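Enquirer: following is a predicted model, sequence given first.
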Amino acid sequence: MVSPVRAAQATFHRLGRAEELPGFLLSVGCLFIALLLAVLGLEIGALVFLLLSVVGELPFEVRSSSASELLDQAEFGLPMRFVLRVLAGLVVGDQLDGSGAVRTFTAVAVAYALVLGVRALHQEYRRVGPLKPMETRNIPGSPRIHNAPPRRAFEVVVTQLLVLAPVLFGAPWWAVLLAGTAAVLLLAAVTIPDARTSWALRQQKRATGFTAPLRQIQEFLDDYQPDVIVHLSGPDVAGYQINTWLESLEALDRRVFIVLRDHPLFTRMASTTIPTLELKDPGELLMLDFSSARIALFPSNTGNNIHLLRLPTLMSAFIGHGDSDKSASNNPFSRAYDELWVAGEAGADRYRRSKLGVHEDQYRHVGRPQVHGISREPRLGEETVPTVLYAPTWEGVNHDQEYSSVSAVGVKVVEALLAAEPPVRIVFKAHPFTGQRDAKYREVLARIAAMLDEASSRTGVDHRVVKGGSINEWFNRASALITDISSVVSDFLASEKPYAVFNHTDHDDATFRAEYPSTGAGTTIGRDGRGISEFIDVVTQKVPDSQAGARAELATYLLGPPEQRTLEAFRASVDAFIARSEAERADYRGQSYALEPSDSDDETVL
């Protein structure tokens, strides 16, 4: 059974970010207070809180998308909130000037509620109907289709005040009618054009498959003639999966076009000069002509990758979003791609050991361009207080992929580091997905953050909790790393600095290192905390660093030789793949392929 505390935490989490709560409390909280005061017969107080709740709709509807969506799903959207305000007004209706004013107020409120209902239906149509959101960056004209019609929060607040304010001032029936009519007409005046815009887009799509914004995209593609398509979908926290490639993609001497399939992911993509399209609808994606493109690159194995994989004119490559020993690094779906881009020989060996039937000619060794800026400084002994970066991974999509140390030994790791003598500085940067599946991970994150804040205040050492930005920046500030099985291990090895990895298995350390080769030149930390003190002794130079040579050798195995860990080497890999595509797919480009979306075109298709 879920505890009341856990249920409350989940509810507040669904309500959105902390800055969204004031609007929610002002709008919804004041409404319930108004209803309570009305029942108790406290008319003036009820009217004051009633109007405050209306004003609260402005910050609530403007900033509280999560909470507003939650209330809509609970059938407590704007129309229902307005109806409750009307009921509160009628309960304290003694302020109205006679029964004629009451009847007029009721009639006006019904008419206004009908317009609010039309707006709600329009919003629901945009959510579940055939018009899907589209957003762009770096495309002339900034073509877009919003994921919902405009909220018109200011107009809604003003018109509700026009309907309800006469209750407060005891206005006669004709004033109630005049203000109410103005409110209904004003709200209708902003609702009808929004609905007509949606209707026009729907008619365009019905007639040709192309809405006007999608036609602008095709005109841009015809002019831009991209060589490389990059495709990715996922939630907002998957933004790092595209962000990790932006620098390398921008360094290409080729025309690149990014396709993202989810709006939250689009909002988290970092600033870039590359033309980018957010397009959820698979049918609309297949309407676009990508015939100029030669290759498609995929940073993640998601079901809707098939919407580009099915195009025979494009050769495909899975480039991943990090080099790691996680099981996701040898997914059976990888066989669908023409090429699997691996950093070093370790990447190919993972597929070979998996016995998934991947052919040798699918591997392309491209190095790891993301690590080109990782420094070998500072080295141990170069800082008075060495910095240890603790960068654990998340809990995974299921228990079989639960590599994280956060819940198992996270607090032990931080306590040991804080007790180190001589002292060390801790930078804590957890994976952005942490706590997504298991709430106890969020609780541990909060506990670790509190421990570091308290230690910073007590000792003056600048311990930090980092939640955003590139982890490479902290690689270059740290003298050592503690982490879990993830791409963080491989990337940090480019620095050749000491590292420790959590053994999440029940195997002994020798078996663990054999199963996860990226750990071979590091210290192993067990579930009982073994290995932490030994690693701290290395960081504080109480014992010599005996693994330096092994780290350099392992870095080459995982990331390729240093000369392949460059932007220039990545450019050469892209050029070679494009040349292969031009040679092997030339016959397809000489033909016309009209791929129509099937009934099974959705994100779950593999």
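Expert: Here it is on my side, so go on.

Enquirer: hey, let's count contacts and neighbours off CA atoms from now on
Expert: Fine.

Enquirer: what average pLDDT does stretch 106-117 get?
Expert: Averaged over stretch 106-117, pLDDT sits at 94.

Enquirer: measure D338 to R580 for me?
Expert: D338 is 11 Å from R580, where distance means CA to CA, to the nearest Å.

Enquirer: who's more crowded, these two?
Expert: D338 (20 against 15; other CA atoms under 10 Å).

Enquirer: residues contacting that one?
Expert: M315, S316, A317, Q362 (CA atoms under 8 Å, 6 or more residues apart in numbering).

Enquirer: with F82 instead?
Expert: The neighbours of F82, taking CA under 8 Å, 6+ apart as the test, are A113, Q160.

Enquirer: could you list the buried residues of the helix or strand hosting it?
Expert: Assigned by DSSP states H and E, F82 belongs to helix 78-91. Residues 78-82, 84-91 are the ones in helix 78-91 that count as buried (16 or more other CA atoms under 10 Å).

Enquirer: kindly report the same for stretch 267-278.
Expert: For stretch 267-278, a neighbour-count test (16+ other CA under 10 Å) marks R268, M269, I274, P275, T276, L277, E278 as buried.

Enquirer: so what touches it?
Expert: Stretch 267-278 has contacts (CA under 8 Å, 6+ apart) with 133-139, 236-237, 239-240, 242-243, 246, 250, 256-263, 266.

Enquirer: now do it: distance from first to last residue.
Expert: End to end - CA to CA - stretch 267-278 spans 10 Å.

Enquirer: how far off centre is it?
Expert: Centre-to-centre, stretch 267-278 and its host chain are 13 Å apart (CA atoms, centre = their mean, to the nearest Å).

Enquirer: so L186 touches V157, yeah?
Expert: No: with contact defined as CA atoms under 8 Å, L186 does not reach V157; the gap is 11.4 Å.

Enquirer: the more surrounded of those two?
Expert: V157 (20 against 15).

Enquirer: return the alpha-carbon coordinates of the host helix or strand of the more buried one using CSV.
Expert: V157 is part of helix 153-169, with elements assigned from DSSP H and E. Only the C-alpha atoms of helix 153-169 are listed here, as CSV (Å, rounded to 0.1, in the frame of the first residue of the first chain):
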residue,chain,number,x,y,z
ALA,A,153,-5.2,33.4,-20.2
PHE,A,154,-5.5,37.2,-20.0
GLU,A,155,-8.8,37.2,-22.0
VAL,A,156,-10.2,34.4,-19.8
VAL,A,157,-9.4,36.2,-16.6
VAL,A,158,-10.8,39.6,-17.8
THR,A,159,-14.1,38.0,-19.1
GLN,A,160,-14.6,35.9,-16.0
LEU,A,161,-14.2,39.1,-13.9
LEU,A,162,-16.8,40.8,-16.2
VAL,A,163,-19.3,38.0,-15.4
LEU,A,164,-18.6,37.7,-11.7
ALA,A,165,-17.7,41.2,-10.6
PRO,A,166,-21.4,42.4,-10.6
VAL,A,167,-22.0,39.9,-7.8
LEU,A,168,-19.6,41.8,-5.6
PHE,A,169,-21.0,45.3,-6.4
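
Enquirer: thinking again about what came up before, okay, angle between the helix holding F82 and helix 153-169 too, please.
Expert: Calculated by axes from the mean of the first three to the mean of the last three CA atoms, to 10 degrees, helix 78-91 forms an angle of 10 degrees with helix 153-169.

Enquirer: what's the distance between helix 78-91 and the middle of its chain?
Expert: 37 Å.

Enquirer: L121: neighbouring residues, count only.
Expert: Applying other CA under 10 Å, I find that L121 has 12 neighbouring residues.

Enquirer: show the subsequent helix or strand relative to the one helix or strand it maps to.
Expert: Secondary structure assignment for L121, by DSSP H and E: helix 98-128. Remark: after helix 98-128, the chain's next helix or strand is strand 134-137, criterion DSSP H and E.

Enquirer: what is that following strand packed up against?
Expert: Counting contacts by 3 or more CA pairs under 8 Å, 6 or more residues apart in numbering; DSSP states H and E, strand 134-137 is packed against strand 276-279.

Enquirer: beyond the strand it packs on, next helix or strand please.
Expert: Note on strand 276-279: by DSSP H and E, the next helix or strand toward the C-terminus is helix 282-287.

Enquirer: which residues touch F154?
Expert: Counting by CA under 8 Å, 6+ apart, F154 has contacts L58.

Enquirer: about what we covered before: of the contacts of stretch 267-278, grab the buried ones for ChimeraX.
Expert: Those of those that count as buried under 16+ other CA under 10 Å are selected in ChimeraX with:
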select :133,134,135,136,137,139,236,237,239,240,242,243,246,256,257,258,259,260,261,262,263,266
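
Enquirer: tell me where the stretch 401-550 of the chain has strands.
Expert: Under the criterion DSSP state E, counting those that start in this stretch, the stretch 401-550 of the chain contains strands at 425-428, 464-465, 480-483, 499-502, 523-525.
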